[in-house]
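Novice: Here is my input, please return the structure:
(one chain, ligands or ions: 2)
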Amino acid sequence: MSGKSLLLKVILLGDGGVGKSSLMNRYVTNKFDSQAFHTIGVEFLNRDLEVDGRFVTLQIWDTAGQERFKSLRTPFYRGADCCLLTFSVDDHQSFENLGHWQKEFVCYANVKDPDHFPFVVLGNKVDKVERQVTTEEAQAWCLENGNYPYLETSAKDDTNVAVAFEEAVRQVLAVEEQLEHCMLGHTIDLRSSAKSGSSCC
Ligand SMILES: Nc1nc2c(ncn2[C@@H]2O[C@H](COP(=O)(O)OP(=O)(O)OP(=O)(O)O)[C@@H](O)[C@H]2O)c(=O)[nH]1
Ligand SMILES: [Mg+2]
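Specialist: Ligands and ions are numbered 1, 2, ... in the order given. The predicted structure is shown next:
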């Protein structure tokens, strides 16, 4: 078990009112406000956790989903290690907008390899009886758009909230491991080409 804590930046994106701030506040302070105000710009909170033996400080960035705050939120996308695309299961429009949020993130975070970037999709407010988005519909979108993990959450009831943030960490660690493997592969390639006498220096 490594004793060194890893700082990971995760960012919550999605339409205004889907529950991004509520998810962050439930996870970090274990509180829920049924009269929450819209976020203006961005806010962040930290929480330490341990996932599969790795100590992590999760820096959770909560953004304003309303369109009028676009210029206030997009400068904070850079450097994010994971993006949580959030919609509300009782609001079909917020689900239809997931693709828009994904594109906005890739553009402003300047993601070089979008196909391998860790996105996690959250369907929030599962405590609500009247749903507009089915689990199957959401899972199908995730499969088609990059095989993203999909979790149904409720900030109100504290359903799957910790699981969702832990999944974000797992996705980042998995990508990190893949990169380490690739770098190892390249090292082996270089050594084998040096042996054949084709070195340019
Ligand atoms: N029933 C239910 N209500 C929720 C849940 N999560 C959030 N809400 C309510 O939905 C409303 C909007 O929640 P916020 O967390 O402010 O939404 P947001 O995504 O941060 O919105 P912006 O800051 O405008 O982008 C608030 O009244 C919350 O109390 C949930 O899981 N279940
Ligand atoms: Mg908010």
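
Novice: Name the surrounding residues that touch stretch 56-66.
Specialist: 5-18, 20-21, 24, 27-28, 38-50, 69, 72-73, 76, 80, 165, 168-169 (CB atoms under 8 Å, 6 or more residues apart in numbering). Placement of C-beta: from N, CA and C, glycine included.

Novice: contacts with ligand 1 among these, please.
Specialist: When CB under 6 Å from any ligand atom is taken as the criterion, the members of the contacts of stretch 56-66 that contact ligand 1 are 16-18, 20-21, 38-39.

Novice: can you redo the residues you listed as CSV with pLDDT, neighbour count and secondary structure?
Specialist: As requested, these are arranged in CSV below (pLDDT from 0 to 100; neighbours: other CB atoms under 10 Å; DSSP: H, G, I helix; E, B strand; the rest coil):
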residue, pLDDT, neighbour count, secondary structure
16, 98, 14, coil
17, 98, 16, coil
18, 98, 27, coil
20, 98, 29, helix
21, 98, 22, helix
38, 96, 12, coil
39, 97, 20, coil
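
Novice: so where's this protein uncertain?
Specialist: Within the chain, the segments meeting pLDDT under 70 span 1-3, 181-201.

Novice: can you list the residues of this protein near ligand 2?
Specialist: The chain has residues 21, 39 near ligand 2, with proximity defined as CB under 5 Å from the ion.

Novice: the strands in the chain, which residues?
Specialist: When secondary structure is read from DSSP state E, the chain shows strands at 6-13, 42-51, 54-63, 82-88, 119-124, 150-152.

Novice: Could you list the residues in contact with the fifth one?
Specialist: Looking back up the chat, that one is strand 119-124. The contact list for strand 119-124, computed with CB under 8 Å, 6+ apart, reads 14, 18-19, 22-23, 82-89, 95, 98, 102, 133, 135, 138, 141-142, 146, 148-155, 164, 167-168, 171.

Novice: For it, which strands pair with it and how are they oriented?
Specialist: Pairing partners of strand 119-124, with direction, according to DSSP bridges: strand 82-88 (parallel), strand 150-152 (parallel).

Novice: how far is it from where the chain is centred?
Specialist: Using CA atoms, centre = their mean, to the nearest Å, we find the averaged C-alpha position of strand 119-124 to lie 8 Å away from the chain's own average C-alpha position.

Novice: do the shortest one as well
Specialist: Between the mean C-alpha location of strand 150-152 and the chain-wide mean there is a distance of 12 Å, by CA atoms, centre = their mean.

Novice: Check the third one too.
Specialist: Counting by CA atoms, centre = their mean, strand 54-63 is centred 10 Å from the centre of its parent chain.

Novice: For that strand, buried residues please.
Specialist: Residues of strand 54-63 classed as buried by neighbour count (16 or more other CB atoms under 10 Å): 54, 56, 58-63.
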